[in-house]
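>>> Attaching a predicted model along with its sequence, questions to come.
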Amino acid sequence: MKIKSNDSFTVKIVTLACFTIALFFMSFLVGRYSISPKTVIDIILSQFFDIQKYWEETLATVVLQVRLPRIVLAILVGGSLSVSGASYQTLFKNPMVSPDILGVSAGAGFGAALAMINNAQWWSIQMLAFVFGMAAVVSAYLIAYAFGRQTITVLILAGIVVSSLFQSLLSILKTWADVENALPAITFWLMGSLGKGTNKDVLIMLPALSFSLLLIFIYRNQINALAAGEDEARTMGVNVSLVKLIVVSSSTLMTVTSVSICGIVGWVGMVVPHIARMLTGANFSKLSAASFFIGGMFLLVIDNIIRGVKGVELPLGVLTALVGTPVFVFLLSKVKKGWS
């Protein structure tokens, strides 16, 4: 039975990977510039092989400098947020947990707003968002360690406190911001967008994601054990404090990198793990793999809808919420015996 179960999981993951690859190539056809599939393929292949150029340079720029990084970032960010959500839900044993439970989004939002009111360049906005997002999570973790010895309940409460603090500071910055330039920029950033994504952002995202996924993969069995309870995990020889730190640090790195690049994108990290759990069950190794592919496809589809609408750039976070909330309600209606 175990062999059959593993074979079934392999088929599901391969299927999800194939759908992701297919959606990746199809996404190049979405946008304001109409480009044929053959031209898209030839432009991409021309970067590796000697192909006679018959297209305008503008089309190459659109494919390689605009659509390629945006499509790749949609997959990476969606996958990162989904794996982070699955990790936190497994650690906290709570289906309502999302990647920003420890205040990372609020801290990143404050950092980005702080840079914007000082007319900073885009890379400075990303850097401050990253720094303050990390600072928020570190603060929550230190508070929990000082007052609760890292118990789950105290850690969540510490995250709520830190998140409220940074949201209050963000509100103060918004009252100081220039209403003609800085305030609209802050508001739009907080709603999320992949419109400014570049190939440099992809190069930043890849190592952060790879390192985090490697940590999660190495400790996947210990995380599974921790899902049964801290006492049970300790009897199995699991270093509970270390595993908690691994989950929090790796999930935070993925989330804060994603937020610093594309702003705040809600509901992905909460909804997608539930969809993945319906396919794979609660086993964390299988759950995290499925969550990555489903999350990447989910965010890519949402961004394709945004790019397909002419004349206006819809906020990414708003659209994920519009789609995510009814999906989450539907998933809750399917749960008859609780969550595990």
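Thanks, I have the structure now.
>>> All the helices of the stretch 1-150 of the chain, in order from the start?
2-26, 37-45, 57-61, 68-92, 104-116, 122-148 (DSSP state H, counting those that start in this stretch).
>>> try the stretch 151-300 of the chain
Using DSSP H, counting those that start in this stretch, helices in the stretch 151-300 of the chain cover 152-176, 182-190, 199-218, 220-227, 230-235, 240-262, 268-280, 284-308.
>>> Which of the ones you listed comes out lowest on mean pLDDT?
Mean pLDDT per stretch puts helix 230-235 lowest among the helices of the stretch 151-300 of the chain, at a mean of 84.
>>> before we move on, back to that, can you redo the helices of the stretch 151-300 of the chain as CSV with distance to residue 112 and mean neighbour count?
Where C-beta positions appear, they are placed from N, C-alpha and C, glycine not excepted. Below are the helices of the stretch 151-300 of the chain laid out as CSV (distance: least, Cβ to Cβ, whole Å; neighbours: other Cβ atoms under 10 Å):
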stretch, distance to residue 112, mean neighbour count
helix 152-176, 9, 17
helix 182-190, 5, 18
helix 199-218, 14, 16
helix 220-227, 31, 20
helix 230-235, 36, 13
helix 240-262, 8, 23
helix 268-280, 19, 24
helix 284-308, 20, 24
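>>> Please enumerate residues in contact with stretch 269-282?
Stretch 269-282 is contacted from outside by 9, 12, 78, 81-82, 84-86, 88-90, 95-100, 227, 255, 286-287, 289-291, 294-295, 298, 324, 327-328, 331, 334, 340, using Cβ atoms under 8 Å, 6 or more residues apart in numbering.
>>> hang on, I meant stretch 229-241
Contacts to stretch 229-241, defined as Cβ under 8 Å, 6+ apart, come from residues 150, 152, 222, 225, 226, 243.
>>> To what extent is residue 41 buried, counted in neighbours?
As a burial measure, residue 41 scores 14 neighbours (other Cβ atoms under 10 Å).
>>> Contacts only, for it.
Contacts of residue 41 by Cβ under 8 Å, 6+ apart are residue 25.
>>> per-residue pLDDT, it?
pLDDT, residue 41: 92.
>>> any idea which residue sits dead centre in the protein?
residue 81 (2.4 Å; Cα atoms, centre = their mean).
>>> Could you measure from that one over to residue 30?
21 Å (Cβ to Cβ, to the nearest Å).
>>> Near residue 35, how many residues? Count them for me, please.
Residue 35 has 18 neighbours, counted by other Cβ under 10 Å.
>>> Repeat that for residue 180.
Residue 180 - counted by other Cβ under 10 Å - has 7 other residues nearby.
>>> Now it. Its backbone dihedrals?
Backbone torsions of residue 180, given as degrees, to the nearest 10, read phi -90, psi -30.
>>> Disregarding residues adjacent in the polypeptide, which is nearest to residue 53?
Nearest non-adjacent residue to residue 53, counting by Cβ to Cβ, 6 or more residues apart in numbering: residue 46, 6.7 Å away.
>>> again, but for residue 318
Spatial nearest neighbour of residue 318, excluding adjacent residues (Cβ to Cβ, 6+ apart): residue 191 at 5.4 Å.
>>> how close does that neighbour sit to residue 314?
Distance of residue 191 to residue 314, computed by Cβ to Cβ: 9 Å.
>>> and stretch 77-94, how far out from the chain's middle?
9 Å (Cα atoms, centre = their mean, to the nearest Å).
>>> buried residues in that stretch?
Neighbour-count burial for stretch 77-94, counted by 16 or more other Cβ atoms under 10 Å, picks out 77-92.
>>> cool, stretch 123-141 as well?
In terms of neighbour count (16+ other Cβ under 10 Å), stretch 123-141 has its buried residues at 124-141.
>>> Number of residues surrounding the residue nearest to residue 318?
18.
>>> right, and it touches residue 262 too?
No. If you go by Cβ atoms under 8 Å, residue 191 and residue 262 don't touch, sitting 10.4 Å apart.
>>> joint contacts of those two?
residue 316.
>>> Residue 289 and residue 14 touch, don't they?
No. The criterion here is Cβ under 8 Å, and residue 289 misses it with residue 14 at 10.8 Å.
>>> picking up where we left off before, so which of the helices of the stretch 151-300 of the chain is nearest residue 26?
Relative to residue 26, the nearest member of the helices of the stretch 151-300 of the chain by Cβ to Cβ is helix 284-308, separated by 8.2 Å.
>>> C-terminal to that closest one, which secondary structure element comes first?
Once helix 284-308 ends, the next helix or strand along the chain (criterion: DSSP states H and E) is helix 316-334.
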